[in-house]
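Visitor: the following comprises the amino acid sequence and a computationally predicted model.
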Amino acid sequence: MDGVRGIAFARARVLMNTIAGIRNEPLIKVVFITTLTTALWFGTLYLFHYGLSFFYGFPIIGPALMDEAMYIFFAVLFIMLMLSALIVSHSTLFNSAEVEFLFSKPMNHRIIYIYRLLQTGVFSSWAFLFLGLPLLIAYALIKGVSAWFYLALPAWFAMFVILPTALACLAVLVMVRFFKYERLKYYFIAIMAITFMALYWYYKTAIAPEARAGGDIAHFMDTFLYHLRILKHPFFPGYWMASSIVKAGSGLAPQSWSYVFAYGATALVALQLNWLASGALFHRGWLKSRNRSNRAISHPDNGATNRLLGYLSFLPRPTAALIVKDVRIFARDFNQYSQFLIYLAILGVYIFNLRNIPASVDNPYWKMIVVFLNLSATSLVLAGFTVRFLFPQISLEGNKIWMLGLAPITFRKLVLQKFFLNFIPVLLISEALMVSTNLMLSTPPGLFFISCSVAAMSSGGLVGLALGLGSLYPNFREDNPARIVSGFGGTLNFVIALGYVMLMIIVFAFPYFAYEIHYNITKQTFSFLLSGAWATAVLATAAAGILPMIAGYRKLHRMEF
Amino acid sequence: MVKIQKLTKRFGNTVAVDDISLSIEGGEFFSILGPNGAGKTTTLKIVAGLLNPTLGKVFVGGLDMAKKPEQAKALMSYIPDIPYVYEKLTGMEFLYFTGELYNLDPQRYRKDTEELLELFLMEDYCNQLMESYSHGMRQKIVIASALLSNPRLIIIDEPMVGLDPRSVRLVKDILRERARPGTTILMSTHTLALAEEISDRLGIIHCGKLIALGSVADIKRAALDSAGLEDVFLNMTAEA
């Protein structure tokens, strides 16, 4: 087919050259990163195994509870992958220098489209690969499934990603072709707002009242799961993939395969629809997207961002100018702020969800688990947020970075400016989240203080880590943040952030669980372990947040433009 | 080879190209001149099928670009002002990739690749990743890739930007050599001396309008100016 061989050749060579490039890296660095990644992967596997075993160990309802967790996980994941692909596909299909390059060649437009669709799948799902794989393996280990399950996992993963990606790309394709291009971002925002409002409405009207009425955790779980039955609707694709896993876990291979085939057939139909639609719509839509009229922006002396410049007059002028520039670019980049809105919406849904738990949780054992789970969830969201939004910031300065290099501002100041610009909102968000959720959970004062402190330290550590590694591994030639993040530096950032968050939680959770739940340490040991936890957390935060930033701005300083 | 009929391109309220018509014969070296923002790149992109005209038509080799874009593109190579390359490919791999995209015979494109790399003095760098290339080296590889498919039409936007004097001479010679046996060259440039030196005909675009068309001598005559093209250009674009 026209161009398929060429693209396959180029992509294969790019992959091989990237892998071969590792040979030029210092051996100690390669060994360190490989060991760290492997250790974290197995650490994640262990944590998932521990968590799922915990569910599985519940008398009578344990196995069913674990299966329910899988249904919820895959349903949410399917929706999130679709939203993510919806955002990523726009820049991958319609706003990419490679697409313009390929359109200048005598290539079949459908081939270009399908190629970019597959790339969209990769860009929108790389984190899922890192986290999803250990979850599935942990589930399979607990259920003791046969070897074919593990062998089928790569194909299973690829298939799971294709359907939401294909549906999202088709939606974007149709929207770009038939709607006014300049208004596209408003449609995206409307779709997301409607999705989250619908979820909230369903939750508020169907789930929350009954959940609040209950007095114990069993009743809450029962009611909660009953109302999530919509996620197990036989026409919902996420259900098919979850079912294929659950059936495989129950030793029902034929049923498992039937769900895999149902999903696979649907994914193929979605790809076929994309193939057909792209022939008529892609090139025309792409040409239409080139016709953007030059929107007039208000004079620099007017507008909200200029007022911001006034508020920042206490700062040195170059620093204030950099802050205003970053805010302006963020506010004008739909790809950036739309994903930011998704994050905020997820946090909103999460807080509403927690509002129902206090009435059901009066047992100290459960309270402890919920408090640490809350801290873990918030920290993980923060980790994802910083990797996705902060890591690409230095790279997005692009080939204009030389201008900053010539300006009367050092790279140290540049990195510090970005740190404080991001640290303050991240700290405010995480503390607001932590205080509100702990108030809802009626968390005891000691744990309340610890979780707020961990959130504050994590905010600093994660922001510094993302900006530091972003400076150490910049990609000035890429203007798509999703692509920047999916490179080596972004993946490393994700892995280290994950390890850092896990460490921060484990060091505090361990003494609390040992002393207050299992009663297997004395108060003196508890105090000793808690002091150790504080010391470890402070050191880990300093190492994660400060060291990469120092290394990062030194690298920028040495860089030749 | 190229026929542009009443071409107009609007971006919102801005008219980038305003009712341009022209015809370029096979083997002709045609240059488009104009100040910044005159509409040169927009015109070239429309001919290359990378922009849709608001009004008018473009034919390449008799094929309507709006109706048969893939067949029309098979006849041409387009070299943009800021060339796109795959950073993680070597120069040689990029040329092989181009050969595959144009469905060329592998034996032929491998042989031609070697010749082109030698011609552009890139043999020593052809196995290095393009992320390490200078702008000029990238430009040479992109020009080499454009020549690889032996196109009947080469559209080239600001070809000499970033090239050293030796490479400028080389590219000039190669383009002229290609034009001789029948390849049509459509070039946009700011370098008036270059256009004067190698073009068979040229067109001056100002504010989207084609304000002069013909050979260098014709244009000088029309402007009643015996001075260099630079003076004619400055006078015309100042008056229009």
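Guide: Yep, it's here.
Visitor: would you mark the buried spots in stretch A:136-151?
Guide: Along stretch A:136-151, the positions that meet the burial threshold by neighbour count (16 or more other CB atoms under 10 Å in any protein chain shown) are A:136-140, A:142-143, A:145, A:149. The C-beta positions use only the backbone N, C-alpha and C, and glycine is treated the same way.
Visitor: can you get me the start-to-end distance on it?
Guide: Between the opening and closing residues of stretch A:136-151 there is a gap of 12 Å (CA to CA, to the nearest Å).
Visitor: all helices of chain B, in order?
Guide: For chain B, the helices identified by DSSP state H occupy B:40-47, B:69-73, B:91-101, B:106-119, B:135-148, B:165-179, B:192-198, B:216-222, B:229-239, in order along the chain.
Visitor: does the shortest one reach chain A?
Guide: Same thing as helix B:69-73. Yes - Helix B:69-73 comes into contact with chain A (CB under 8 Å from any CB of the partner chain), by way of B:69-71, B:73.
Visitor: residue contacts, the residue nearest to the spatial centre of chain A?
Guide: Centrality entry for chain A: nearest residue to the mean C-alpha point is residue A:384, 4.3 Å, by CA atoms, centre = their mean. With contacts defined as CB atoms under 8 Å, 6 or more residues apart in numbering or on different chains, the neighbours of residue A:384 are A:127, A:343, A:494.
Visitor: what number of residues are in the vicinity of the closest residue in space to the last one that isn't next to it in sequence?
Guide: Okay, so that is residue A:494. Of all residues beyond its chain neighbours, the one nearest residue A:494 is residue A:387 (4.9 Å), with distances taken as CB to CB, 6 or more residues apart in numbering or on different chains. A total of 27 residues lie near residue A:387 under the criterion other CB atoms under 10 Å in any protein chain shown.
Visitor: likewise residue A:186?
Guide: With neighbours defined by other CB under 10 Å, the count for residue A:186 comes to 12.
Visitor: equivalent analysis for residue A:254, please.
Guide: One way to gauge burial is a neighbour count; for residue A:254, by other CB under 10 Å, it gives 7.
Visitor: mind telling me what element it is part of?
Guide: Taking DSSP states H and E as the criterion, the element that holds residue A:254 is helix A:253-289.
Visitor: still on that earlier bit, who wins on neighbours among the residues of helix B:69-73 next to chain A?
Guide: The residue in these with the most neighbours, by other CB under 10 Å, is residue B:73 (24 neighbours).
Visitor: might you report the residue contacts of it?
Guide: The contact partners of residue B:73, by CB under 8 Å, 6+ apart, come to A:104-107, B:48-49.
Visitor: buried ones among the residues you listed?
Guide: Buried subset of those (neighbour count, 16+ other CB under 10 Å): A:104-107, B:48-49.
Visitor: wait, which of these is closest to residue A:97?
Guide: Proximity of the buried ones among the contacts of residue B:73 to residue A:97 was ranked by CB to CB; the top entry is residue A:104 with 10.9 Å.
Visitor: which helix or which strand is home to the residue nearest to residue A:262 when sequence neighbours are not counted?
Guide: In space, not counting the residues next to it along the chain, residue A:262 is nearest to residue A:240; the distance is 5.1 Å by CB to CB, 6+ apart. Secondary structure assignment for residue A:240, by DSSP H and E: helix A:237-249.
Visitor: just residue A:20 next, same as before
Guide: Short version: residue A:20 belongs to helix A:4-21, going by DSSP H and E.
Visitor: chain B contacts on chain A?
Guide: A:2-3, A:5-7, A:9-10, A:13-14, A:17-18, A:21, A:97-98, A:100-109, A:283-284, A:287-288, A:290-295, A:477.
Visitor: repeat that for 6 Å
Guide: Along chain A, the residues adjacent to chain B under the rule CB under 6 Å from any CB of the partner chain are A:3, A:5-6, A:9-10, A:13-14, A:17-18, A:97, A:101, A:104-106, A:287, A:290, A:293, A:477.
Visitor: which of the residues you listed are buried?
Guide: Those of the residues of chain A next to chain B that meet the buried threshold are A:3, A:6, A:9-10, A:13-14, A:17, A:97, A:101, A:104-106, A:287, A:290, by 16+ other CB under 10 Å.
Visitor: would CSV of those residues with pLDDT be doable?
Guide: Output for these, formatted as CSV (pLDDT from 0 to 100):
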residue, pLDDT
A:3, 75
A:6, 84
A:9, 86
A:10, 87
A:13, 89
A:14, 86
A:17, 87
A:97, 84
A:101, 89
A:104, 88
A:105, 87
A:106, 86
A:287, 89
A:290, 81
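Visitor: ranges for the helices of the stretch 451-561 of chain A?
Guide: Secondary structure of the stretch 451-561 of chain A (DSSP state H, counting those that start in this stretch): helices located at A:481-485, A:488-512, A:523-558.
Visitor: hey, least reliable of those by pLDDT?
Guide: Ranked by mean pLDDT, the helices of the stretch 451-561 of chain A end with helix A:481-485 at the bottom, a mean of 77.
Visitor: check the offset of that one from the chain's centre.
Guide: Counting by CA atoms, centre = their mean, to the nearest Å, helix A:481-485 is centred 12 Å from the centre of its parent chain.
Visitor: so which elements touch that helix?
Guide: The elements that helix A:481-485 packs onto, with contact taken as 3 or more CB pairs under 6 Å, 6 or more residues apart in numbering or on different chains; DSSP states H and E, are helix A:392-395.
Visitor: low-confidence bits of the chain, can you list those?
Guide: In the absence of a named chain, this looks at chain A. Within chain A, the segments meeting pLDDT under 70 span A:1-2, A:203-204, A:206-231, A:292-306, A:335-336, A:349, A:352-362, A:398-409, A:560-561.
Visitor: to clarify, I was referring to chain B.
Guide: B:222-229, B:236, B:238-240.
Visitor: in it, what residue is nearest chain A?
Guide: At 2.2 Å from chain A, residue B:12 is the closest residue in chain B, using CB to the nearest CB.
Visitor: what's next to the helix holding residue A:20, contact-wise?
Guide: Contact partners of helix A:4-21, identified using CB atoms under 6 Å, 6 or more residues apart in numbering or on different chains, comprise A:111, A:115, B:88-89, B:93, B:97, B:100-101.
Visitor: how about stretch B:87-95?
Guide: A:13-14, A:17-18, A:477, B:113, B:122, B:126-127, B:129-131, B:141, B:145, B:148.
Visitor: from the middle of its chain, how far away would it be?
Guide: 22 Å.
Visitor: ok, the residue nearest in space to the middle of chain B - contacts?
Guide: In chain B, the centroid-proximal residue (CA atoms, centre = their mean) is residue B:156; its distance is 1.6 Å. Residues in contact with residue B:156, defined by CB under 6 Å, 6+ apart, are B:79, B:187.
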